[in-house]
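*Asks:* got a predicted model here, sequence first, then my questions.
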Amino acid sequence: MNKFDEEIDRRGTGAIKWDSPFMTDNINPMWVADMDFKAAPAIQEHLKKAVEHGVYGYKILTDKYYNSIIDWMKNVHNYEVEKEWIAYVPNVVLGLSIAVQAVSGPGDEIIIFTPVYGPFFTSVRYNDRKLIESSMINIDGYYTMDFEDFENQITKKTKAIILCNPHNPVGRVWKREELEKLADICIRHNLYIISDNIHCEILSRDSRHIFLSLLSEEIASRTIECTAPSKAFNLAGIHVANFIISDTGLREKFLTTLEKALIPAPNILVEPALLGAYEHSKEWLKELNEYLEGNINYFIAGIKERVPEIKVRKPEGTYLLWLDCRKTGMNSNELRQYFHDKMNLEVNEGSYFGRDGDGFIRINLACPRRRVENALNVIEKVLG
Ligand SMILES: Cc1ncc(COP(=O)(O)O)c(C=O)c1O
């Protein structure tokens, strides 16, 4: 048996995915983006040691922490980072909001490429900035940024874009040529880029993730790179993210804004979890990616063969699938309810990702294969 086949009971642990009020007993949760797998053994060992130590006072992050990030970025992503560039933030969404505040003022405009992860919208709107949506082009489930539309929407008030790479929910891992086009427009219009790479270690076999900052010094100097071990190693509940900002002026703006937010010191589990992941769990991550790709291939082949009403395309990155259910004639809210009521499946409604997501749902395949099989069977029974 593959270790990822193990079914772990998360009910009663306070897991959002399993214990939210609408999650009645028989629902198969395939929604919020965390994984139903145990963390890698090295992470568990590091965490146990930290807990068993028994003293839980205020913490700082040591050189080991920063060196571990530097090595990981160099060895895994070919991205050379200096210690001073790294800013710890408890989680990416908070960091997005801080970044928005740092690079713009109230009333300024920020552009995002939709459909996209819901908090991209709120991180702009809650800060009283104006949100500009550039709808991506969708051809048979393959999404691309509409560079002409993007550039046309830029005004004097536009200060930044938020990029999702790999893209949640459409699964694109942006290619070098696409990043180059994007960078060229941002440089010509003097825009900052807040680049969210949280999914960058969950990749299909043929995909390669490129940090935008690798393109040139010029683009790096206007980019805030958001990273975290939380998706790849399933550490969302630990609260660990690291924002990498090479430009001194931009970094100072970010750090000053962060300071004003009165963020607490990192909790006692942050450093051990990151060390367990980045220093000792590369092989585990490789096996995870293989397992996830198996789940994805299995599910997609089944949908194509057995449920032609739903259109789906294999993601280049992430364990999330974006199902085009527009043929059913239901809007996303109705779809979510329908999947819940008729199939006992909990999925994310497409409109969480903006108006371009209407008629779509997002399904999370980071769970044991048996649950993917069950989901496919029940979808076929109801919609096939
Ligand atoms: C693109 C993206 N950014 C950020 C997050 C959340 O990150 P965090 O839990 O660190 O705020 C997610 C979670 O699904 C995500 O998909």
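*Replies:* Noted; the coordinates are in hand. Numbers count the residues shown, from 1 in each chain.

*Asks:* what about the nearest residue to Asp196 once chain neighbours are set aside, neighbour count?
*Replies:* Distances taken as C-beta to C-beta, 6 or more residues apart in numbering place Cys226 nearest to Asp196, at 4.6 Å, with adjacent residues excluded. For the C-beta atoms, the positions are set from N, CA and C on the backbone; glycine is no exception. Residues near Cys226, counting by other C-beta atoms under 10 Å, number 27.

*Asks:* Cys226 reaches Ile194, doesn't it?
*Replies:* Yes - here Cys226 reaches Ile194: they are 6.9 Å apart, a contact under C-beta atoms under 8 Å.

*Asks:* which neighbours do the two have in common?
*Replies:* Leu96, Ala99 (C-beta atoms under 8 Å, 6 or more residues apart in numbering).

*Asks:* need the next SSE after the biggest helix by length in the chain, C-terminal direction.
*Replies:* Longest helix in the chain by number of residues (criterion: DSSP state H): helix 282-306. On the C-terminal side of helix 282-306, the closest following helix or strand by DSSP states H and E is strand 320-324.

*Asks:* before we move on, back to that, counting by contacts, list what the longest helix of the chain packs against.
*Replies:* Where contact means 3 or more C-beta pairs under 8 Å, 6 or more residues apart in numbering; DSSP states H and E, helix 282-306 is packed against strand 320-324, helix 369-383.

*Asks:* so which of the ones you listed comes closest to Ser20?
*Replies:* For Ser20, the closest of the helices and strands packed on helix 282-306 is helix 369-383, at 17.3 Å, according to C-beta to C-beta.

*Asks:* please work out the average pLDDT along the closest one.
*Replies:* Average pLDDT, helix 369-383: 97.

*Asks:* can you list the helices and strands that it packs against?
*Replies:* Using 3+ C-beta pairs under 8 Å, 6+ apart: helix 369-383 touches strand 28-29, helix 282-306, helix 332-343, strand 345-346.

*Asks:* which one of those is the most hemmed in?
*Replies:* Stretch with highest mean neighbour count among the helices and strands packed on helix 369-383: strand 345-346 (a mean of 22; mean count of other C-beta atoms under 10 Å).

*Asks:* sorry, back to before: and the residue nearest to Asp196, how far from the ligand?
*Replies:* To the ligand, Cys226 is 7 Å away according to C-beta to the nearest ligand atom, to the nearest Å.

*Asks:* now the helices and strands packed on helix 369-383 in TSV, please, with extra columns for distance to the ligand.
*Replies:* Output for these, formatted as TSV (distance: least, C-beta to the nearest ligand atom, whole Å):
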stretch	distance to the ligand
strand 28-29	14
helix 282-306	15
helix 332-343	17
strand 345-346	15
